[in-house]
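> attaching a predicted model along with its sequence, questions to come.
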Number of protein chains: 2
Amino acid sequence: MMYAVGVDLGGTKTAAGVVSADGEVLFSDTVPTLSRDGGEAILDATAKLAAGLIKKAADDGITVERVGVGSAGVIDAGRGVVVSATDAIRGWAGTALTAGLATRLGLPASSVRAVNDVHAHALGEAWAGAAAGTASSLLVAFGTGVGGSFVLGGRPLLGQRHAGGHVGHFASPYAFHEGTAIPCVCGGAGHVEAVASGPAIREAYLRLGGTEPVTDARAVFALAGRSDAAAIRAVGIGAGAAGQAMGGLANILDPEVVVVTGGLSDAGAPWWRPMERALRAELLPALAGLPVLPATLGSAAALVGAARLVLLPPA
Amino acid sequence: MMYAVGVDLGGTKTAAGVVSADGEVLFSDTVPTLSRDGGEAILDATAKLAAGLIKKAADDGITVERVGVGSAGVIDAGRGVVVSATDAIRGWAGTALTAGLATRLGLPASSVRAVNDVHAHALGEAWAGAAAGTASSLLVAFGTGVGGSFVLGGRPLLGQRHAGGHVGHFASPYAFHEGTAIPCVCGGAGHVEAVASGPAIREAYLRLGGTEPVTDARAVFALAGRSDAAAIRAVGIGAGAAGQAMGGLANILDPEVVVVTGGLSDAGAPWWRPMERALRAELLPALAGLPVLPATLGSAAALVGAARLVLLPPA
């Protein structure tokens, strides 16, 4: 059996695990991401994390000589370089991610690969999670933002400019208030993310006249559970926009399954039911039986998908 | 040099041509599609058309032993069978398209392949037209309907249920009138096709209080050219919806180029300018330089793409 270290490098923490070629996580570890210290410091800490896992595996008689990384930011998977990143990880843009890790770990450059973390997440679910065994899957995550990835034959669609999967940035009829498009974090307006993310649900509650102090979407869900009318409407808008967006994308991509993940998905039926109703209302007759599935790998999805990058060729 | 017959089988006519492995059409011919006579009659006529071209090539010393077909309807490209078709071609659904042609032409089954005509169109432009030399392209056609195809590495994305490319069937903020979603031919409502197709532009003109008798979108364009206010608004809505839809899709698919085709695209600047403005307003910063190109192969695109199916392996 072949094994690899899979790394999920996010803005606040970095998780890594030893993953087998059949998608099982043998053991894992997590460290804070040194998000104020620059790319080289992050590479040092990530290499140390991976080296610890490789050592632990060796103690168990398991040889690990490959590392896959799912990282926050826009990643050039071909060159293994961080093209751009938000200020959440200072100095990450421009970092030679795979070369830097390979050097630190004494591995050949070809044994270390990286993609954006949402693509790693989708690849993990496509390989060993909710979409295991499928030829194609569309994964969409609804949380602080909205992101996604279309995986076809074991390859996430990365795009010509490493921008593939920005499923939060297309027009949504829900993303209007009194005839005006709601601004989106991308600089545009009227986009899915502007109305279907967690923060957007909180903002919708306030816009709709909600008067309770709410700090996040979770608080709006709690109010909706207590029959607060503005909260119920805000959740309905967010979930409806999410479902409508995924249904329309399914008509275009025709994936074997849709996988839904992220903090809003974890809120369960109060979000899931209106989301799925809106999704199915969009589908062409040919897609009527489309499975819409919750993700199953939880927080391990991205590190499992990252390991997949270096464990197997695309299906 | 290798050659193939490419066939473009539509609801009213069937065009075919002998195409070289470098994408040139040597000669072509067109016959009416026997759209009232059933699948076997259509296969007979199509085989006769292809045989005539093969004979003409042989007279010039050129051997042609492969046939590719782009056909109206939903095509199972793997099995070469027509999965479904509208009443525009009666009895087409269920036809064993590739096997029926191979038998009639005395060719091995593996020498005849078929896809849906929009995919063939996109493949033609990706191979020898506006998107030649690109790694990926999104083609969208705006005419009687709205259809498209994403071509990646020489393969159109056909989808799990042969439904890939239905880019007309996702939600558009433009597809509402006085707060109500405009019905779509697919049975849904509020979709891009319900507002961005040619017939939709005519309907928008009438809905917006236009009083001139208009039979098609062309008449609305003519009125807009004479400063008719309702006509100008109707064209603006259709073109805006088209551009917005393609911009959002570009953010998700990140194609190297977008190719626009169909009757509305042929209307030129009055449609193209508002379309491109709306498209670019949607784009993420990473896609700012995205080329948006008119198709260049004209009516030959689908037959060229159909020939491509049997001439070369995907890039």
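Good, I have the coordinates. Residues are numbered from 1 along each chain as shown, chains lettered A, B, ... in the order given.

> so how far is the least confident helix or strand in chain A by mean pLDDT off the chain centroid?
Least confident helix or strand, chain A: strand A:176-177 with a mean of 92, by mean pLDDT, DSSP states H and E. In terms of CA atoms, centre = their mean, to the nearest Å, the centre of strand A:176-177 is found 27 Å from the chain centre.

> mind listing the helices for the stretch 201-315 of chain A?
Assigned by DSSP state H, counting those that start in this stretch, the helices in the stretch 201-315 of chain A fall at A:217-225, A:229-253, A:269-282, A:301-311.

> mind giving me the packing neighbours of the longest one?
Put plainly, it is helix A:229-253. strand A:136-142, strand A:146-152, helix A:193-196, helix A:198-207, helix A:217-225, strand A:257-261, helix A:269-282 (3 or more CB pairs under 8 Å, 6 or more residues apart in numbering or on different chains; DSSP states H and E). (C-beta placed from N, C-alpha, C; glycine too.)

> what comes into contact with the third one?
Helix A:193-196 is touched from outside by A:142, A:145-146, A:168-169, A:172, A:174-175, A:181-186, A:200, A:204, A:237-239, A:241-242, A:245, A:264, with contacts defined as CB atoms under 8 Å, 6 or more residues apart in numbering or on different chains.

> ok, the least confident helix or strand of chain A: who's next to it in the sheet?
strand A:180-181 (antiparallel) (DSSP bridges).

> how close does the one residue sitting closest to the centre of chain A get to residue B:182?
With distances taken as CA atoms, centre = their mean, the residue of chain A nearest its centroid is residue A:118 (3.1 Å). Using CB to CB, to the nearest Å, residue A:118 is found at 33 Å from residue B:182.

> quick revisit: now the residue nearest to the centre of chain A: closest residue in space that isn't a chain neighbour?
Counting by CB to CB, 6 or more residues apart in numbering or on different chains, residue A:118 lies nearest to residue A:147, which is 4.2 Å off, once chain neighbours are set aside.

> the one you found and chain B, how far apart?
Going from residue A:147 to chain B by CB to the nearest CB, to the nearest Å gives 10 Å.

> and that residue, how close does it get to residue A:175?
Distance from residue A:147 to residue A:175, by CB to CB: 17 Å.

> got the contact list for the residue nearest to residue A:210 when sequence neighbours are not counted?
Spatially, and ignoring its direct neighbours in sequence, residue A:210 is nearest to residue A:230 (3.7 Å; CB to CB, 6+ apart). By CB under 8 Å, 6+ apart, residue A:230 lies in contact with A:205, A:208-211, A:223.

> ok so, going back, I'd guessed the residue nearest to residue A:118 sits against residue A:169; true?
No - if you go by CB atoms under 8 Å, residue A:147 and residue A:169 don't touch, sitting 9.8 Å apart.

> so what's in contact with these two at the same time?
Joint contacts of residue A:147 and residue A:169 (CB under 8 Å, 6+ apart) do not exist.

> what's the most distant pair in the contacts of residue A:230?
A:209 and A:223 (12.5 Å; CB to CB).

> those two: which is more packed in?
Between residue A:209 and residue A:223, residue A:223 has the larger neighbour count (other CB atoms under 10 Å in any protein chain shown), namely 20 against 9.

> pretty sure the more buried one contacts residue A:210?
Yes - the criterion here is CB under 8 Å, and residue A:223 meets it with residue A:210 at 7.3 Å.

> can you list residues touching both of those two?
With CB under 8 Å, 6+ apart as the test, residue A:223 and residue A:210 both reach A:230-231.

> for the contacts of residue A:230, which one is nearest chain B?
Closest approach to chain B among the contacts of residue A:230 (CB to the nearest CB): residue A:208, at 16.8 Å.

> among the helices of the stretch 201-315 of chain A, which comes closest to residue B:52?
Nearest of those to residue B:52, taken as CB to CB: helix A:229-253 at 37.8 Å.

> give me the below-cutoff pLDDT ranges for the stretch 201-315 of chain A.
A:314-315 (pLDDT under 70).

> and if we set it to 90?
A:266, A:268, A:312-315 (pLDDT under 90).

> how about the residues of it by chain B?
A:244-245, A:247-249, A:251-256, A:281-282, A:284-287 (CB under 8 Å from any CB of the partner chain).

> now, of these, which are buried?
A:244-245, A:247-249, A:251-256, A:282, A:284, A:286-287 (16 or more other CB atoms under 10 Å in any protein chain shown).

> please tell me I have it right and residue A:128 contacts residue A:298.
No - with contact defined as CB under 8 Å, residue A:128 and residue A:298 do not form a contacting pair (11.9 Å).

> which one of those two has more residues nearby?
Legend: neighbour count by other CB under 10 Å for residue A:128 and residue A:298, higher for residue A:128 (24 against 9).

> how about the more buried one: what's its closest non-neighbour residue?
Nearest to residue A:128 is residue A:23, by CB to CB, 6+ apart, at 3.0 Å.

> wait, isn't the one you found in contact with residue A:131?
No - using CB under 8 Å as the test, residue A:23 is too far from residue A:131 to be in contact (11.9 Å).

> more neighbours: which of the two?
residue A:131 (27 against 19).

> which residue is the nearest non-sequential neighbour of the more buried one?
residue A:137 is the one closest to residue A:131 (CB to CB, 6+ apart), at 3.6 Å.

> let me see the contact set for the closest residue to residue A:212 other than its chain neighbours.
Excluding its sequence neighbours, the residue lying closest to residue A:212 (CB to CB, 6+ apart) is residue A:223, at 5.8 Å. Taking CB under 8 Å, 6+ apart, we find residue A:223 in contact with A:205, A:210, A:212, A:214, A:230-231.

> next: residue A:245.
Counting by CB under 8 Å, 6+ apart, residue A:245 touches A:140, A:146, A:167, A:170, A:172, A:192, A:196, B:170-171.

> at 6 Å what do you get?
residue A:192 (CB atoms under 6 Å, 6 or more residues apart in numbering or on different chains).

> how about the one 10 residues further on?
Residues in contact with residue A:255, defined by CB under 6 Å, 6+ apart, are A:136-138.

> ok so residue A:132 is a strand residue?
No - per DSSP: H, G, I helix; E, B strand; the rest coil, residue A:132 lies outside any strand segment and is coil.

> separation between it and residue A:23?
The span separating residue A:132 from residue A:23 equals 8 Å under the rule CB to CB.

> next: residue A:33.
For residue A:33, the distance to residue A:23 - CB to CB - is 25 Å.

> hang on, the earlier thing: of the contacts of residue A:255 - the most surrounded one?
residue A:138 (30 neighbours).

> backbone phi and psi for the nearest residue to it once chain neighbours are set aside, please?
Take residue A:138 and drop its neighbours on the chain: the residue closest to it by CB to CB, 6+ apart is residue A:255, 4.2 Å away. Main-chain dihedrals, residue A:255, degrees, to the nearest 10: phi -80, psi 160.

> what does residue A:159 give?
Per degrees, to the nearest 10, the backbone of residue A:159 is at phi 90, psi 160.

> pretty sure it sits against residue B:256.
No - in this structure, residue A:159 is not within contact of residue B:256 by CB atoms under 6 Å, at 9.1 Å.

> next, show the common contact partners of those two.
What both residue A:159 and residue B:256 touch, as defined by CB under 6 Å, 6+ apart, is an empty set.

> name the residues that touch stretch A:152-163?
When contacts are defined by CB under 6 Å, 6+ apart, stretch A:152-163 is touched by residues A:74, A:76-77, A:83, A:119, A:122-123, A:136, A:149-150, A:164, A:314-315, B:136, B:254, B:256, B:286.

> what subset of the residues you listed is buried?
Buried subset of these (neighbour count, 16+ other CB under 10 Å): A:74, A:76-77, A:83, A:119, A:122-123, A:136, A:149-150, A:164, B:136, B:254, B:256, B:286.

> just the closest of those to residue A:67, please.
The closest of the buried ones among the contacts of stretch A:152-163, once distances to residue A:67 are taken by CB to CB, is residue A:77, at 14.1 Å.
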